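1. Predicted model and sequence follow; I will ask about them next.
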Amino acid sequence: MTVTPLGREAPPDEARRGHGGHAMAWHRARATARAAAGPPRPAGSLPLAEALGHALAEPLTALTALPAFDTSAMDGWAVAGPGPWKPSGEGVLAGGQPGRLAPGTAVPIATGARLPSGARAVLRREHAETDAATGLLHDRSAGPGPVASGRDVRPCGQECRAGEALLPAGTTVTPAVLGLAAAAGHDRLAVHRRPTVELLVLGDELLEEGPPRHGRVRDALGPLLPPWLRHGGAEFVGRRLVPDDFGRLRAAVRDCSADVVVTTGSTAAGPVDFLHAALGAADARLLVDSVAVRPGHPMLLAALPPGADGRPRRLVGLPGNPLAAVAGAVTLAVPLLRRLGGHTDAEPLRTTAATALPGHPRDTRLLPVRRTGHGVAPLPFDGPAMLRGLCLADGLAVVPPGGVDAGASVEILEVPGP
Ligand SMILES: Nc1nc2c(c(=O)[nH]1)N[C@H]1C(S)=C(S)[C@@H](COP(=O)(O)OP(=O)(O)OC[C@H]3O[C@@H](n4cnc5c(N)ncnc54)[C@H](O)[C@@H]3O)O[C@H]1N2
Ligand code: MOO
């Protein structure tokens, strides 16, 4: 063991290295992160209220036709046969089980109520007029002519048949999916488990409260990353601050049992950047060791030896500069987590650049942008150590080497909301 002048354990000299080789192209790095996932986490059944954010492990199948019965789309009268009609009956409310309606008669009906058999259309309340002399109900909507069959009726099976596949496996369960699943009769959903994530925040200089002082700075990534990674599909199991000490870092990497260990800082080749050495000592296999992207190029991805339960483990090393860490999260961590959680990859979102988006001469650039009336425009305060631009961003533009001209199309990555 080597001990540095400050009393920390340092790795042996031969284990110390920054990234050695050629930075991987940005799109290839994302594809490598997805491929590193292997098969998705196993499936389980969850009550609807707990399934939000998971990926469907099976297609969502309708347990009923939708609508399940011919339904009134309006408040008014269910009418049978051509008008005028003789009003009859008590009226049908949503949830009621109406009897048969005889030809030439009409019954009051509420939106959402089951259409009585024999009825073929609904006359809206505002289109109906009762003749004071005869007591008969007339359609005043369109002059002479019969009410068209099916008018203002939502026919049984209009949205789906019973047994029809509504959504494929791999769909992310959103609030809308929960609503559709309930409407189609489900109480539980078969979903993939979420991959577990543990965060190791590296750096002796980091403070957990109060303003920066005595050369130390606040940990910005401890608050930022857990919700960002949860949005990417992670089950967050813990966060630890790890001092700049080779032995402590090596032990922390060895001890984590999460599916994905995410570290921040220590990716470069500074005097206390021990991540590469700790990965070497933990028998990790580097899959990505720096990416041709700005900010964030020292980001890395490694396969760790399996945990005690035999489950594969991966480590995503994010650079310490906060915007660089976000770049690493969207490039490596989120694609890996989504694949592990069984989510189908969405088509990339593209939009127009409202103004020229400046690029790096050789590398991809991830640029915080905001929406304008004509497309997206760059934001100020986009330096690797800054978060001010990101806070105002509607997305991160993926700017290819050389930049994007005004009016050209550009890929946009999501910046999560609350
Ligand atoms: N000689 C070179 N030096 C550096 C290079 C290089 O290519 N050659 N790359 C630079 C780039 S680019 C980046 S990004 C950083 C990556 O550094 P590390 O991942 O080793 O991170 P640290 O050195 O630990 O910290 C960098 C910076 O970020 C601050 N930091 C760290 N963690 C946090 C946190 N949780 N919250 C807020 N701020 C954090 C830290 O205090 C430093 O200011 O390396 C460059 N150097
Ligand atoms: O990767 Mo560094 O992000 O340029 O700060």
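-> Everything's here; your move. Ligands and ions are numbered 1, 2, ... in the order given.

2. From Leu199, how far out is the closest residue to ligand 1 within the stretch 301-418 of the chain?
-> Nearest to ligand 1 in the stretch 301-418 of the chain, going by Cβ to the nearest ligand atom, is Gly320, at a distance of 2.6 Å. Using the backbone N, CA and C atoms, a C-beta is placed for each residue, glycine as well. For Gly320, the distance to Leu199 equals 13 Å [Cβ to Cβ, to the nearest Å].

3. what residues are shared contacts of those two?
-> Applying Cβ atoms under 8 Å, 6 or more residues apart in numbering, one finds that Gly320 and Leu199 are jointly contacted by 221, 264.

4. The stretch 51-200 of the chain: helices as residue ranges?
-> 175-183 (DSSP state H, counting those that start in this stretch).

5. Looking at it, what residue ends up closest to ligand 1?
-> Closest point on the stretch 51-200 of the chain to ligand 1, by Cβ to the nearest ligand atom, is Leu199, at 9.7 Å.

6. What is the burial count for that residue?
-> 25 (other Cβ atoms under 10 Å).

7. Against Gly310, how distant is the closest residue to it other than its chain neighbours?
-> Nearest non-adjacent residue to Leu199, counting by Cβ to Cβ, 6 or more residues apart in numbering: Arg239, 4.3 Å away. Separation of Arg239 from Gly310 (Cβ to Cβ): 25 Å.

8. Check Val79 too.
-> According to Cβ to Cβ, Val79 stands 68 Å off from Gly310.

9. more crowded one of the two?
-> Val79 (28 against 6).

10. who's that one bridged to?
-> Ala106, Ala121 (DSSP bridges).

11. Give me the buried positions along stretch 187-205.
-> 189-203 (16 or more other Cβ atoms under 10 Å).

12. unless I'm mixing things up, Val326 is touching Leu229, no?
-> No. Counting by Cβ atoms under 8 Å, Val326 stays clear of Leu229, with 11.0 Å between them.

13. Which of the two has more residues huddled nearby?
-> Remark: of Val326 and Leu229, Val326 carries more neighbours, 28 against 23, as counted by other Cβ under 10 Å.

14. so where do the helices sit in the stretch 301-418 of the chain?
-> Under DSSP H, counting those that start in this stretch, the stretch 301-418 of the chain gives helices at 322-328, 334-340, 388-391.

15. Deepest in the core, which of these is it.
-> Of all the helices of the stretch 301-418 of the chain, helix 322-328 has the most neighbours on average by mean count of other Cβ atoms under 10 Å, namely a mean of 27.

16. Remind me what that helix packs against, helices and strands.
-> helix 221-231, strand 313-318, helix 388-391 (3 or more Cβ pairs under 8 Å, 6 or more residues apart in numbering; DSSP states H and E).

17. and the angle for the second one with helix 221-231?
-> Relative orientation of strand 313-318 and helix 221-231, computed by axes from the mean of the first three to the mean of the last three Cα atoms, to 10 degrees: 130 degrees.

18. any idea how far strand 313-318 is from the chain center?
-> Distance of strand 313-318 from the chain centroid (Cα atoms, centre = their mean, to the nearest Å) equals 20 Å.

19. right, and the residue of the stretch 301-418 of the chain closest to ligand 1 touches Gly270 too?
-> No. Gly320 is beyond contact range of Gly270, at 9.4 Å (criterion: Cβ under 8 Å).

20. Settle it for me: which of those two has more neighbours?
-> Comparing Gly320 with Gly270 by other Cβ under 10 Å, the one with more neighbours is Gly320, at 25 against 12.

21. For that one, give me its contacts.
-> Contact analysis of Gly320 by Cβ under 8 Å, 6+ apart lists 202-203, 221, 264-267.

22. Intersect these with the contacts of ligand 1.
-> 203, 221, 264-267 (Cβ under 6 Å from any ligand atom).

23. Redo the helices and strands packed on helix 322-328 as TSV? Include mean pLDDT and distance to Gly342.
-> Output for the helices and strands packed on helix 322-328, formatted as TSV (pLDDT from 0 to 100; distance: least, Cβ to Cβ, whole Å):
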stretch	mean pLDDT	distance to Gly342
helix 221-231	97	16
strand 313-318	98	16
helix 388-391	98	29
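
24. for the ones you listed, which one ends up most surrounded?
-> Scoring those by mean count of other Cβ under 10 Å, the most buried comes out as strand 313-318, with a mean of 27.

25. May I have it as CSV, with CA atoms only?
-> Provided in CSV are the C-alpha atoms of strand 313-318 (Å, rounded to 0.1, in the frame of the first residue of the first chain):
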residue,chain,number,x,y,z
ARG,A,313,-23.6,-5.7,-11.5
ARG,A,314,-22.5,-2.7,-13.6
LEU,A,315,-20.9,0.6,-12.6
VAL,A,316,-21.4,3.9,-14.3
GLY,A,317,-18.7,6.5,-13.4
LEU,A,318,-19.9,10.0,-13.9
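
26. Tell me which other helices or strands it touches.
-> strand 260-264, helix 275-281, strand 300-304, helix 322-328.

27. For the residue nearest to Leu115 when sequence neighbours are not counted, give me its contacts.
-> Leaving aside its sequence neighbours, Leu115 sits nearest to Asp70 (Cβ to Cβ, 6+ apart; 4.1 Å). By Cβ under 8 Å, 6+ apart, Asp70 lies in contact with 114-115, 153-156.

28. Just the buried positions in stretch 378-388, please.
-> 378-379, 382, 384, 386-387.

29. Within reach of ligand 1, which of the residues you listed are there?
-> Pro384.

30. coming back round to it: mind checking the SS state of the residue nearest to Leu199?
-> State at Arg239, reduced to three classes by DSSP: H, G, I helix; E, B strand; the rest coil: strand.

31. That one and Leu202 touch, don't they?
-> No. Here Arg239 does not reach Leu202: they are 11.7 Å apart, not a contact under Cβ under 8 Å.

32. hmm, back to that, in the buried residues of stretch 187-205, find the pair that's most separated.
-> Ala190 and Gly203 (41.6 Å; Cβ to Cβ).
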